[in-house]
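S.K.: sequence plus the predicted model coming up.
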Amino acid sequence: MIEPGARSRRRVVVDAARVVTFMGPELAVYGTPNMLFDVEMSCRDLLKESLGSDQDSVGVKVELTHSGAAVIGMGITIDVEVVAVQERTVTFSAAVLAGSSEIGKVIHQRAIVSTDRLKAKILRMLDELASSSVSEAP
């Protein structure tokens, strides 16, 4: 089982897929949802190293502060540390840096799950959806 103090570092480059452009192309910057995705995958990958082949993890809680910008071509460093482990829940702290400037802080919790049980649950949900005669479209 993973222990508090376990760490990892991931580097990514801000590319077109990681930016938001709703303010126009001249203001294309690393988007908050993409920062969260990069941090989540960093946490998952660190945790996955200590899990069995029939286990994985799902995100259950996140607190994110996005405090600075990064543009296309900039290198991003994501430093992740396990800060707590309680039964099946693992809490991570992450710092997101563009160069030497911190542009994000994240507290993220992941729950360890059985992939077989999760798959069975998803299949039941899909079966129920397929057999439902009433569509619940928004």
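M.R.: On my side now, so go ahead. Numbering: from 1, shown residues only.
S.K.: just the pLDDT for residue 114.
M.R.: The per-residue pLDDT reported for residue 114 equals 97.
S.K.: oh sorry, the question was meant for residue 137
M.R.: In this prediction, residue 137 carries a pLDDT score of 61.
S.K.: now do residue 104
M.R.: With respect to pLDDT, residue 104 has a value of 98.
S.K.: name the helix or strand for the closest residue to it other than its chain neighbours, please.
M.R.: Ranked by Cβ to Cβ, 6 or more residues apart in numbering and with sequence neighbours excluded, the top spatial neighbour of residue 104 is residue 96, at 3.4 Å. (Each C-beta comes from the backbone N, C-alpha and C, glycine too.) Element membership of residue 96, judged by DSSP states H and E, is strand 89-98.
S.K.: find the centremost residue of this structure, please.
M.R.: What sits nearest the mean C-alpha location of the chain, by Cα atoms, centre = their mean, is residue 40, with 1.5 Å.
S.K.: which parts of stretch 18-33 are buried?
M.R.: Neighbour-count burial for stretch 18-33, counted by 16 or more other Cβ atoms under 10 Å, picks out 18, 19, 28, 29, 30, 31.
S.K.: revised request: answer the last question for stretch 62-70.
M.R.: Counting neighbours by 16+ other Cβ under 10 Å, the buried set in stretch 62-70 is 62, 64, 66, 70.
S.K.: for stretch 107-115, same thing?
M.R.: Taking 16+ other Cβ under 10 Å as the neighbour-count basis, stretch 107-115 is seen to contain the buried residues 107, 108, 109, 110, 112, 113.
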